[in-house]
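A.B. asks: structure here, sequence nowhere to be found:
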């Protein structure tokens, strides 16, 4: 403000004392710009109405989201430019997301902008405020306002459609006898259906096949005589995201086949009880979306206090093998635990090999399932 008044005073004094066409031309040429700058000083930015819309509030990791911001004002004072900056969540700023956009409102009363956030990371992302600035031609005046516009976007983890052969490999490749291979081997027949790749020869219903001239296999109904829990290792690791993806894939496959499963993680005392259907899948995927690295071992407390049933069949998905994790599975009934390691067996350290041997000696099955073994063929959004 002081600089603007000083410049106007200098140009006026120059015209008064110098006289002549040139000096007055300079004064009157500068006057409109200085007057505009003076008006901007008192321009009511608080009178703006800011609205933010998003095309979807839920998506999967790797997808894109379009965000539109609309500004509405009561007058048509020409605005030369406006710099709009989103206050992004910290996890997005850490990944290099930047959303600072220059727009030119002019005389418009309603104007806006839109942009796309691409390749979103897994997590629950909270947007809080929008900052925008206006200024004059020469940068003499600059005003800034911050509007609160809360928005939350939930990004579920990616998951892969696992064939029965994939699940069979997970449950049956370990060094110990099978715990409970799949629901079909411990279930009762409820009907027949068309043959699907991966079905065993013993499942074929020959009478229905002869009657329909198509290969028909038995459909099984899940027995509900014990719980199945999937547990996730939250310890810091470069393979943590791969662990989350594999956890989501196995949970999705089991629920799709009608099995009842529960969920727990090392980093949280909260347990999702066993259940089935889309609602259970949504609960588990929402927890997986929020999972982060943690050095806390809440599973040990949950097991010791009986929050997890001791007779449960457990699938413990880990990024590395340690004796501490083996001890957690040892608390459950023998031959009911599966430790699924997300790395190559050839990459195990000597300590991990010793932990694996200890697990096998205690009746715990150890399998290895690399992220690269999965083929991504699913990009849908979680059902509401």
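C.D. replies: Sure, I can see it. All values reported here derive from a predicted model rather than from experimental measurement.
A.B. asks: quick one: residues in contact with the helix or strand where residue 278 lies.
C.D. replies: Using DSSP states H and E, the element containing residue 278 is helix 277-290. Defining contact as Cβ atoms under 8 Å, 6 or more residues apart in numbering, one finds that helix 277-290 is touched by 122-124, 154-157, 159, 230, 232, 244, 247-248, 251-252, 255, 260-261, 263, 265, 268, 270, 272, 275, 382-384. The way it works is simple: take the backbone N, C-alpha and C, and place the C-beta from them, glycine included.
A.B. asks: among these, which ones are buried?
C.D. replies: 122-123, 154-157, 159, 230, 232, 244, 247-248, 251-252, 255, 260-261, 263, 265, 268, 272, 382 (16 or more other Cβ atoms under 10 Å).
A.B. asks: which helix or strand lies directly C-terminal to the helix or strand where residue 340 lies?
C.D. replies: Using DSSP H and E, residue 340 sits within strand 337-341. Past strand 337-341, further along toward the C-terminus, the next helix or strand under DSSP H and E is helix 350-361.
A.B. asks: packing partners of the following helix or strand past that next one?
C.D. replies: From helix 350-361 onward toward the C-terminus, using DSSP H and E, the following helix or strand is strand 365-368. Counting contacts by 3 or more Cβ pairs under 8 Å, 6 or more residues apart in numbering; DSSP states H and E, strand 365-368 packs against strand 337-341, helix 350-361.
A.B. asks: please, where are all the helices along the stretch 201-350 of the chain?
C.D. replies: 206-212, 240-256, 277-290, 298-304, 323-330, 350-361 (DSSP state H, counting those that start in this stretch).
A.B. asks: which of the helices and strands packed on strand 365-368 is buried the deepest?
C.D. replies: Ranked by mean neighbour count under mean count of other Cβ atoms under 10 Å, the helices and strands packed on strand 365-368 are led by strand 337-341, which reaches a mean of 25.
A.B. asks: mind listing what residue 145 touches?
C.D. replies: Residue 145 makes contacts with 45, 46, 48, 131, 132, 133, as judged by Cβ under 8 Å, 6+ apart.
A.B. asks: next, the angle helix 240-256 makes with the host helix or strand of it.
C.D. replies: Using DSSP H and E, residue 145 sits within strand 142-156. Per axes from the mean of the first three to the mean of the last three Cα atoms, to 10 degrees, the angle that strand 142-156 makes with helix 240-256 is 50 degrees.
A.B. asks: any idea of the angle strand 142-156 forms with helix 277-290?
C.D. replies: Going by the same axes, to 10 degrees, strand 142-156 makes 130 degrees with helix 277-290.
A.B. asks: and strand 142-156, what's buried?
C.D. replies: Neighbour counts over strand 142-156 (16+ other Cβ under 10 Å) mark 147, 153, 154, 155, 156 as buried.
A.B. asks: cool, and stretch 288-296?
C.D. replies: Neighbour-count burial for stretch 288-296 [16+ other Cβ under 10 Å]: 288, 289, 291.
A.B. asks: do stretch 91-109 as well
C.D. replies: 92, 97, 99, 103, 105.
A.B. asks: of these, which is the nearest to residue 345?
C.D. replies: Proximity of these to residue 345 (Cβ to Cβ) peaks at residue 92, which lies at 35.9 Å.
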